[in-house]
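[1] Fold the following, please.
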Amino acid sequence: MTDQQITDKPINGRLPSIDNSRKGRKKEWKDLTVDPLSEGSDSHQAEYVTGKAPMTWALLEVGQLFSRSKSGKNLHVKLNHGRAICLDTRQAIEVKPSIRNSLQVWIVTNFNSTSAAKPDF
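    Residues are numbered from 1 along each chain as shown. As a prediction, the model looks like this:
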């Protein structure tokens, strides 16, 4: 066989793909909006305490509670490397890859749900 015949030979019943690029739309990352609850009232019935110093988004573990502001007036849960959900507004936020190593968040260090007067859901 010649070299051309070898490259044209089907692999596992399929012809080799000429175009290896990914098809479909590219992900368009939106900038994070200013957190509307950063200085507002806290709707959570439970008591919680945020850390004194910020940490970066990349160091958070999936499932950890955190606040986007120093005041700690909001709670978010990290869902995966690029997404979190706000417990107050139930809106998801996306963290684009370019700011994942620099975005500062305040981790919840103490959470006392037994102090809640009623369920918060």
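[2] Point out where the chain drops to low pLDDT.
    1-22, 35-46, 113-121 (pLDDT under 70).
[3] and the strand ranked longest in the chain, what does it pack onto?
    Looking across the chain with DSSP state E, the single longest strand is strand 104-112. When contacts are defined as 3 or more C-beta pairs under 8 Å, 6 or more residues apart in numbering; DSSP states H and E, strand 104-112 sits against strand 47-50, strand 55-56, strand 65-67. In short, each C-beta sits where N, CA and C put it, glycine included.
[4] who touches residue 101 in this structure?
    For residue 101, the contact set (C-beta atoms under 8 Å, 6 or more residues apart in numbering) comprises 56-58.
[5] Redo those as TSV? Include distance to residue 112 and neighbour count.
    Shown next, in TSV, are the contacts of residue 101 (distance: C-beta to C-beta, whole Å; neighbours: other C-beta atoms under 10 Å):
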residue	distance to residue 112	neighbour count
56	26	13
57	25	20
58	28	12
